[in-house]
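# Quick check, what structure comes out for this input:
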Amino acid sequence: MNANAIAVAMEATWPPAATRRLGPWLLRDGKSGGKRVSAATLEGAFDPGAIAQAETAMHAAGTPPLFQLRPGQDALDAALAERGYAMLDPVTVYFAALVDWRHDAPPPMTTFPHWPPLGIATDLWASGGIGLARLAVMHRVRGPKCAILARTADRAAGVAFVAVHDQVAILHALEVAPSLRRRGSAGHILRAAAIWAREQGATELALAVTTGNAAAIALYASFGMRVVGHYHYRQL
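Got it, this is the predicted structure:
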């Protein structure tokens, strides 16, 4: 799988409110929708002198300077560290080719793909810190998208957002209620996401997870998902 295609799909399925180019940088206006939609990324040749340019622009926009670092950007990473930027949230990106997906469908009545999200879905997201600003990110997505609500023990247990761009489905914002974890809801959501994505014509399913989330990583590995990339952030 082309890691760049997944990166493009991630941007399209979790989009900032606006972007603009400034020298070698792509600057994002996330409208408080989280780091992924707010971080600056280096899209051209690295020039240490250009860091101040990006910092000034982000300060002018009223946001603290935040950068996303991708593989191969070691020089920028080192320069930011020297300027006092701390590393945040190392992330691992996983993917599965849906043609190779051999897992059973989730049990009946355990998952419900739908759009727009039901109130119980937004309540579950809110309880996990995924509030109105991130819901706005979901609503900005163009193209096929859905919320997948999971139920267990006759209760709403979990929710995730899935969207497709150019045959790549990306799963975002997976949240399971703490009191109902380890009962299979996350796996049911993943199975439902793969089925829904296939129905939309997707050929790959991908997601990003914080590298320290051992439980989630074990789940994705158990479904045969493979590592396709990494990134992290730096912020003063």
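# same for the longest helix belonging to the chain, what does it pack against?
When the chain is scanned for its longest helix (criterion: DSSP state H), the result is helix 185-199. Counting contacts by 3 or more Cβ pairs under 8 Å, 6 or more residues apart in numbering; DSSP states H and E, helix 185-199 packs against strand 111-114, strand 145-152, strand 155-165, strand 168-176, strand 204-210, helix 214-222. Backbone N, C-alpha and C define where each C-beta goes, glycine included.
# Give the pairing partners of the fifth one; include direction for each.
Using DSSP bridges, the strands paired with strand 204-210 in its sheet are strand 86-97 (antiparallel), strand 168-176 (parallel).
# And the shortest one, by the same measure?
The sheet places strand 111-114 alongside strand 145-152 (antiparallel), with pairing taken from DSSP bridges.
# Now tell me what touches the strand it pairs with from outside.
Residues outside strand 145-152 that contact it (Cβ atoms under 8 Å, 6 or more residues apart in numbering): 13, 106, 109-118, 120-121, 124, 138, 156-164, 176, 180, 183-186, 188-189, 192-193, 196.
# give the contact list for the residue of the chain positioned farthest from its centre.
Largest separation from the mean C-alpha position in the chain: Gly49, at 30.2 Å (Cα atoms, centre = their mean). By Cβ under 8 Å, 6+ apart, no residues touch Gly49.
# Before we move on, what's the pLDDT of the residue lying closest to Arg198 once chain neighbours are set aside?
Spatial nearest neighbour of Arg198, excluding adjacent residues (Cβ to Cβ, 6 or more residues apart in numbering): Leu98 at 5.4 Å. Listed pLDDT for Leu98 reads 97.
# Over to Val137. Which of the three states is it?
helix (DSSP: H, G, I helix; E, B strand; the rest coil).
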